[in-house]
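K.L.:
just need the structure, nothing else, for what follows:
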Amino acid sequence: MLALASPAPAPAALTYLPCPENPGFSCTELGVPLERSGAVTGTIALSVARKAAADGPSASAIVALAGGPGQAALPFAGFVAQTLAAGLRTRDLLVFDQRGTGSSDPLSCPALEDSSFAAADRVYQRCAEQIGPARAAFTTQETVRDIEALRVAGGYQKLVLYGTSYGTKVALEYAERYPEHVEALLLDSVVPTNGPEPLGIPTLEAIGPVLRELCSQRLCAGITAEPVAELAQLIARLRRHSLSGSVYDGAGHRYTTHLDELGLLGILKDGDLNPALRALVPAAVHSALHNDPDPLLRLQALAEGLVPNVPSVLATHYGGDEIDEALFATTTCEEAPFPWQRGAPTSTRDSEALAFLHSQPAADFEPFDPATALGASLVVLCDRWPDASPPPPAQAPLPNVPTLILSGAQDLRTPTSLALKVAALIPDAQLEVVPFTGHSVIGSDLTGCAAKALSAFFAGTPVEPCVGARDVLPPTPITPTGLAGLRPPGGLPGRAGKTVVAVLDTLRDLGRQVVAATLQAGEKLPNGASFGGLRGGYARLGASDVTLNGFAFVTGVRLTGTFPVSKGELLTSTIRIGGASAAAGTVRFGSAAKRVSGDLGGHRFNLGVATVRVASAGAGTGEWPAVAPALSPLGREPLAPQPAAAP
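P.N.:
As a prediction, the model looks like this:
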C-alpha cells in the first residue's frame, strides 16, 4: 500500500518555463549523452513537462512512461495529471518524451517512409543501415539512465514510476537498476524486462480465455455456445483457402476482398485497442462459417481503416505522429529476446528461429498454428537487423515497494499471464484484473474499477477485486442474410413486418459502425465520414445530420433519406424503403422515439419500438451506447507490419 510522501524541499537544477501546450505544466529540456559508453558521441535534448505538487516542493515525483516503444508522452500530460490526481498532492508529476520520440530528437529512417520499397521483410534492415551506429543509443537501458539523470537534475529522492505497456518495461528495468530510488510502481499492461516474447506465444495462449470472457454471462446466447471452437473451425478452413467476399466503401462501391489466417489474427489483436471491434467478432465468425463472409470482411476493412476519412489504429498509433516507427524498430530489434545468436548472419538466424519454432509444443499456438505465429511475429522483421548494442543486462531482483499492477482480462498484447509473472516477483504487489477490458487499462476501462484501484492505492488502502462489472459493448447478434431470417412483429405480419424489423436492424448496425469507427480513430469522426452498407449503399455523416443512400444491412432492403442528429441520436424523420426483397414504402422513426410508423407495401402501421425489437434477430443483445465511450490511446502498442514472406 502506498502512503503519501512527506513534502520536503528539493534542489532544482532545471529551469522550467511556462508550457502553453499543456496548461498547468511548466516545461524544460534536459541534455543527456547520446550513448553513455562513448562508442557513439553526441547528446539528446529530452523534452520534459512538470506539474508541481499542490503542497509545494516535493521530495519525490511521479514519472509517466508511455508505450511503444516510440510513443510520445507529452500529448497525454493532461490525461495523466487527471488520472493520477490522487497521488499529486505531495508529489511533482514529470512527463517526458523518451529519447527518439515526440519532441525528444525523434528518430527517423527514410526506408520506413518509402512506399515503393516492396520487400517488407528487408525494410528494417535498410532502416538500420540508414540510422547507422547511433541505433545502439536507442535502447531501454539508455532510457533508464535518462530517468536517473532526470531524478538527479530535479533533486528528487524517490520516484513513483507509472508505465503503460512498453512503459512498464522501462519502469521495471529502472527498479532493477536503481531500487533505492523507487518509492512505488504503478504498472498498466505489463511487459516484463525480458520481453516481449518474439513469437507472441502469450498472446496466442490468451485468445481462448479472452473470447470466453467476451461470451460470459450468456452474452453470446443466440450467437454461439463455444466461440473458441467456432474460431478454430474457421481457422481450419482458412488454412485450406482464404475467405473471399464483398465490402462496400463509403461511396457505396463494391470491392472483392480476402481474409487469411494472419488477417484474422490481426482482427483479434485490434480488439485490444477497440472493444467495439472485438464485440463484432463472435457473430462475424459464425456468419463466415455459414457461408456469409461479408460481416467478417467488413470487420477487417474497418480494422484496417478503410472507412474514408477515418484513420485506422495502425495509421494513428503506428505510422502516425504518436508512434515513432524508427524508434520502435530500433529498440525492438536491438533487445527483444530472439531465438538466435546475436551477430549471426541472416541465414543462421532463420534456421535457429525455425528450430526454436518447431521445438515448441503445437498447443502453444492454438487455435492458430506455428506458421501463422511466425508470420505475425517480430522474428520476420528483425532477422536482418545488425545489432549495434551489447545484449540487454540480465534480470535483477525487484524492490518490494508498494506496487499496483493493472491488467485487462481481454488484453492480447500484454496478457494477464505476464502480469501474474511480474506480480510474483514483488511480494506485496497488488494485481487488479479488470474484466471486459483490453490493452492500456487506465485509458480504456469502462467498468470504473481501474479508477477505484488507483484511488485506493494512493490512499494506502487495499485494492478491492473488480466484481459485478458489465460489458458496455457486448457481442452483437448474428447478421441476417435476408428477410427469411427475420420474423415479423405482432401487429404487422408478412413481408411488411419483416421489412420494418430490417429497417430498425439496419439503423442499429449503422450506429455500431459509427461507434466502432470512432474508437478506431481515437477521436470524433470528421464531417463527411462515410460508411458502406454491409449489403450495399452508403451512409454519410454531416455536421448535424446523417444521409442514407440505398444503405443496406439486410439483402434486398435499402434505406434512403436524411436524419437530423442531436447528441449522437437520430431525430425522428421519414425515410424511403426500397429494394428487391422489401415491402416498399416509408418508415418514420428516430432514436428516442417509442413508436415507429409508416406505410410498407400498402400496409399502414404504428407500432411500439419495443414490439419491433422483440422480433429482431438477437433481440435483447448487442445494445450499445449511442455515442462512443471516451478512450485514451496512451500506451497503445502498434501491430508490427507484416512482411511479404516469412523466413
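K.L.:
extract the C-alpha trace of stretch 207-219 and format it as PDB.
P.N.:
Provided in PDB are the C-alpha atoms of stretch 207-219 (Å, rounded to 0.1, in the frame of the first residue of the first chain):
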ATOM      1  CA  ILE A 207      -7.200 -15.900 -27.200                       C
ATOM      2  CA  GLY A 208      -9.300 -18.700 -25.700                       C
ATOM      3  CA  PRO A 209      -9.800 -17.100 -22.300                       C
ATOM      4  CA  VAL A 210     -10.400 -13.700 -23.900                       C
ATOM      5  CA  LEU A 211     -13.200 -15.000 -26.100                       C
ATOM      6  CA  ARG A 212     -14.700 -17.000 -23.300                       C
ATOM      7  CA  GLU A 213     -14.900 -13.900 -21.100                       C
ATOM      8  CA  LEU A 214     -16.400 -11.900 -24.000                       C
ATOM      9  CA  CYS A 215     -19.200 -14.500 -24.200                       C
ATOM     10  CA  SER A 216     -19.600 -15.000 -20.400                       C
ATOM     11  CA  GLN A 217     -22.900 -14.100 -18.600                       C
ATOM     12  CA  ARG A 218     -24.700 -15.500 -21.600                       C
ATOM     13  CA  LEU A 219     -23.700 -12.500 -23.700                       C
END
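K.L.:
contacts for that stretch?
P.N.:
Outside stretch 207-219, the residues that touch it by CB atoms under 8 Å, 6 or more residues apart in numbering are 220, 223-224, 227-228, 231, 268, 278-279, 281-282, 366-367, 409-412, 435-436, 470-471, 474-475, 621. To be clear about C-beta, it is placed using only N, CA and C from the backbone, and glycine gets the same treatment.
K.L.:
what comes up buried for that stretch?
P.N.:
Ile207, Gly208, Pro209, Val210, Leu211, Glu213, Leu214, Cys215, Leu219 (16 or more other CB atoms under 10 Å).
K.L.:
and for stretch 550-566?
P.N.:
When neighbours are counted by 16+ other CB under 10 Å, the buried residues of stretch 550-566 are found to be 550-559, 561, 563, 565.
K.L.:
the helix or strand Gly266 falls within packs against which elements?
P.N.:
In the assignment (DSSP states H and E), Gly266 maps to helix 261-270. Packing partners of helix 261-270 (3 or more CB pairs under 8 Å, 6 or more residues apart in numbering; DSSP states H and E): helix 201-214, helix 227-240, helix 275-289, helix 294-303, helix 370-375.
K.L.:
chain center to it, what's the gap?
P.N.:
Computed by CA atoms, centre = their mean, to the nearest Å, the chain-centroid distance of helix 261-270 equals 13 Å.
K.L.:
try stretch 497-517
P.N.:
For stretch 497-517, the distance to the chain centre is 25 Å (CA atoms, centre = their mean).
K.L.:
just stretch 51-61 next, same as before
P.N.:
For stretch 51-61 - counting by CA atoms, centre = their mean - the centre lies 33 Å from the chain centre.
K.L.:
quick check, Leu74 in contact with Lys51.
P.N.:
No: checked against CB atoms under 8 Å, the pair Leu74 and Lys51 is beyond contact range at 12.0 Å.
K.L.:
so what's in contact with the two at the same time?
P.N.:
Val95.
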